[in-house]
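Participant: show me how the following folds:
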Amino acid sequence: QLQILESGGGLVQPGGSLTLFCSGSGIQLDDFAIGWFRQAPGKEREGLTCISVLDNTTYADSVKGRFSISRDSAENLVYLHMFSLRPEDTANYYCAADGFLHLSDCGLEDDYTYWGQGTQVTVSS
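Facilitator: Sure, this is the predicted structure:
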(Lines give C-alpha, C1' and ligand atoms only; values in the text may rest on other atoms or scores of the structure.)
Protein backbone atom coordinates (compact mmCIF):
# COMPACT_ATOMS: atom_id res chain seq x y z
CA GLN A 1 0.00 0.00 0.00
CA LEU A 2 1.35 3.39 -0.99
CA GLN A 3 2.03 5.65 1.97
CA ILE A 4 3.88 8.89 2.59
CA LEU A 5 4.93 9.82 6.11
CA GLU A 6 6.39 13.01 7.52
CA SER A 7 8.47 13.09 10.69
CA GLY A 8 10.88 15.34 12.55
CA GLY A 9 8.50 18.02 13.75
CA GLY A 10 8.65 19.51 17.21
CA LEU A 11 9.18 22.60 19.30
CA VAL A 12 12.10 24.88 18.41
CA GLN A 13 13.12 28.33 19.58
CA PRO A 14 13.11 31.31 17.23
CA GLY A 15 16.32 31.38 15.24
CA GLY A 16 16.74 27.64 15.59
CA SER A 17 16.92 24.87 13.01
CA LEU A 18 14.98 21.71 12.33
CA THR A 19 15.01 18.99 9.68
CA LEU A 20 11.85 17.28 8.52
CA PHE A 21 11.80 13.89 6.84
CA CYS A 22 9.48 12.61 4.13
CA SER A 23 9.56 8.85 3.73
CA GLY A 24 7.79 6.54 1.32
CA SER A 25 6.28 3.10 1.75
CA GLY A 26 5.20 1.29 -1.39
CA ILE A 27 6.46 4.27 -3.38
CA GLN A 28 9.93 5.14 -4.61
CA LEU A 29 10.21 8.86 -3.99
CA ASP A 30 12.91 9.21 -6.66
CA ASP A 31 10.24 8.50 -9.29
CA PHE A 32 8.14 11.51 -8.26
CA ALA A 33 8.35 15.22 -7.80
CA ILE A 34 8.09 15.96 -4.08
CA GLY A 35 6.66 19.09 -2.56
CA TRP A 36 6.67 20.44 0.99
CA PHE A 37 3.63 22.42 2.16
CA ARG A 38 2.41 23.84 5.42
CA GLN A 39 -0.87 24.95 6.90
CA ALA A 40 -1.33 27.12 9.96
CA PRO A 41 -4.66 27.34 11.81
CA GLY A 42 -7.07 29.59 9.96
CA LYS A 43 -4.81 29.88 6.92
CA GLU A 44 -4.70 28.24 3.52
CA ARG A 45 -2.16 25.56 2.73
CA GLU A 46 1.04 27.13 1.43
CA GLY A 47 3.54 25.58 -0.97
CA LEU A 48 7.09 26.01 0.34
CA THR A 49 9.46 24.12 -1.90
CA CYS A 50 9.62 21.24 -4.31
CA ILE A 51 12.18 18.99 -5.99
CA SER A 52 11.74 17.44 -9.41
CA VAL A 53 12.74 13.96 -10.51
CA LEU A 54 15.86 15.57 -12.00
CA ASP A 55 16.51 17.38 -8.68
CA ASN A 56 15.56 20.84 -9.88
CA THR A 57 14.25 22.86 -6.95
CA THR A 58 11.81 25.72 -6.47
CA TYR A 59 11.29 27.83 -3.33
CA ALA A 60 8.55 30.17 -2.20
CA ASP A 61 9.74 33.69 -1.38
CA SER A 62 8.69 33.18 2.25
CA VAL A 63 11.33 30.47 2.78
CA LYS A 64 13.97 31.22 0.15
CA GLY A 65 17.41 31.31 1.76
CA ARG A 66 16.14 29.71 4.98
CA PHE A 67 14.76 26.32 3.86
CA SER A 68 16.44 23.68 1.72
CA ILE A 69 15.04 20.52 0.11
CA SER A 70 17.11 17.48 -0.80
CA ARG A 71 16.81 13.78 -1.56
CA ASP A 72 18.44 10.73 -0.02
CA SER A 73 17.85 8.09 -2.66
CA ALA A 74 19.47 5.27 -0.68
CA GLU A 75 17.08 5.82 2.22
CA ASN A 76 14.05 6.74 0.08
CA LEU A 77 13.78 10.06 1.91
CA VAL A 78 13.28 13.70 1.08
CA TYR A 79 14.48 16.23 3.62
CA LEU A 80 13.32 19.71 4.46
CA HIS A 81 16.14 21.54 6.23
CA MET A 82 14.84 24.63 8.02
CA PHE A 83 17.06 27.39 9.42
CA SER A 84 16.49 30.75 11.10
CA LEU A 85 13.01 29.67 12.13
CA ARG A 86 10.45 32.31 13.05
CA PRO A 87 7.22 32.11 15.06
CA GLU A 88 5.29 32.59 11.81
CA ASP A 89 6.77 29.29 10.56
CA THR A 90 4.58 27.50 13.11
CA ALA A 91 2.29 25.16 11.16
CA ASN A 92 1.53 21.57 10.25
CA TYR A 93 4.02 20.54 7.55
CA TYR A 94 3.14 18.09 4.78
CA CYS A 95 5.04 16.41 2.01
CA ALA A 96 3.38 15.29 -1.19
CA ALA A 97 4.32 13.36 -4.31
CA ASP A 98 3.16 13.58 -7.90
CA GLY A 99 4.23 12.90 -11.44
CA PHE A 100 4.86 15.77 -13.81
CA LEU A 101 4.87 15.65 -17.59
CA HIS A 102 8.46 16.90 -17.64
CA LEU A 103 10.95 15.27 -15.28
CA SER A 104 12.57 18.66 -14.70
CA ASP A 105 9.35 20.16 -13.32
CA CYS A 106 7.75 20.44 -9.93
CA GLY A 107 5.27 22.95 -8.54
CA LEU A 108 4.07 24.72 -5.40
CA GLU A 109 0.36 24.32 -6.13
CA ASP A 110 -1.32 21.88 -3.76
CA ASP A 111 -2.73 19.62 -6.46
CA TYR A 112 -0.32 16.77 -5.75
CA THR A 113 -1.77 13.27 -5.79
CA TYR A 114 -0.19 11.59 -2.76
CA TRP A 115 -0.08 13.26 0.67
CA GLY A 116 1.21 12.46 4.12
CA GLN A 117 -0.61 13.19 7.37
CA GLY A 118 1.65 16.04 8.40
CA THR A 119 4.03 16.83 11.23
CA GLN A 120 3.64 19.79 13.57
CA VAL A 121 6.35 22.43 13.84
CA THR A 122 6.07 25.01 16.62
CA VAL A 123 8.49 27.92 16.82
CA SER A 124 8.27 29.55 20.20
CA SER A 125 10.43 30.68 23.09
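
Participant: which residues sit in contact with Phe37?
Facilitator: Phe37 makes contact with 45-48, 93-96, 110 under the criterion Cβ atoms under 8 Å, 6 or more residues apart in numbering. Where C-beta positions appear, they are placed from N, C-alpha and C, glycine not excepted.

Participant: filter those residues down to just the ones in strands.
Facilitator: Using DSSP state E, 46-48, 93-96 are the members of the contacts of Phe37 that sit in strands.

Participant: ok, back up a step: got TSV for the contacts of Phe37, with pLDDT, neighbour count and distance to Asp61 too?
Facilitator: Converted to TSV, the contacts of Phe37 look like this (pLDDT from 0 to 100; neighbours: other Cβ atoms under 10 Å; distance: Cβ to Cβ, whole Å):
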residue	pLDDT	neighbour count	distance to Asp61
Arg45	97	15	16
Glu46	97	16	11
Gly47	98	22	11
Leu48	98	26	10
Tyr93	98	23	18
Tyr94	98	23	19
Cys95	97	30	20
Ala96	97	23	20
Asp110	89	15	17
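
Participant: ok, what's across the strand from Ala97?
Facilitator: Beta-bridge pairing for Ala97 (DSSP bridges): Ile34, Tyr114.
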